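[1] any chance you can model this:
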Amino acid sequence: QVQLVESGGGLVQAGGSLRLTCVASGRTDRTVATAWFRQAPGKEREFIAVIKRVGGTTSYADSVKGRFTISRDNSKDTVYLQMDSLSTEDTAVYYCAADKGPRYFVSTWREDYDYWGQGTQVTVSS
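    From the prediction side, this is the model:
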């Protein structure tokens, strides 16, 4: 089992930045990738970004490409999501998720993720 805890959410003005943190514990060596998803009120949970545990391959949703950066520190079992140039459309609950694989390519499908955190609220004001 793997446990995930997100932090770093909050209230920020449009154009500002936030960095989210996802700390994993448990059998993290059995995961192949960690991703961020988000869910706005009344909307489906959507993929944001993913990073492989080994090799660091990344993938981003078009809506955040060039604004958000995912990174990881395996020595700390931690994944980060740096969010810049935030807009009101980025307001959502952000979730960290881990994929236990096996999988060669990174997945953007929420159904492929086995472990989820509780989420952290990000609110962007105009």
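[2] just the element for the residue positioned nearest the centre of the chain, please.
    Nearest to the mean C-alpha position of the chain, counting by CA atoms, centre = their mean, stands residue 36 at 1.9 Å. Per DSSP states H and E: residue 36 is located in strand 33-39.
[3] what sits up against that strand?
    4, 20, 22, 24, 45-53, 70, 72, 79, 81, 90, 92-99, 101, 103, 106-108, 110, 113, 119, 122 (CB atoms under 8 Å, 6 or more residues apart in numbering). Bear in mind the C-beta positions are built from the backbone N, C-alpha and C, glycine included.
[4] that strand pairs with which strands, parallel or anti?
    strand 46-52 (antiparallel), strand 92-99 (antiparallel) (DSSP bridges).
[5] quick one: the strands in the protein?
    Taking DSSP state E as the test, the strands found in the chain are 2-7, 10-13, 18-26, 33-39, 46-52, 58-60, 68-73, 78-83, 92-99, 115-116, 120-125.
[6] how much space between the residue nearest to the centre of the chain and residue 70?
    7 Å (CB to CB, to the nearest Å).
[7] and what of residue 114?
    Residue 114 is 18 Å from residue 70, where distance means CB to CB.
[8] which of these two has more residues huddled nearby?
    Higher neighbour count among residue 114 and residue 70: residue 70, with 22 against 14, using other CB atoms under 10 Å.
[9] the closest residue to the more buried one other than its chain neighbours - how many residues pack around it?
    Once flanking residues are discounted, residue 70 sits nearest to residue 49: 4.1 Å by CB to CB, 6 or more residues apart in numbering. For residue 49, the number of neighbouring residues by other CB under 10 Å comes to 25.
[10] can you pull the contacts of residue 49?
    Contacts of residue 49 by CB under 8 Å, 6+ apart are 35-36, 58-61, 64, 68-70, 81.
[11] let's see that with 7 Å instead.
    The contact partners of residue 49, by CB atoms under 7 Å, 6 or more residues apart in numbering, come to 35-36, 58-61, 64, 68, 70, 81.
[12] repeat that for residue 100.
    Neighbour list for residue 100: 30-32, 114 [criterion: CB under 7 Å, 6+ apart].
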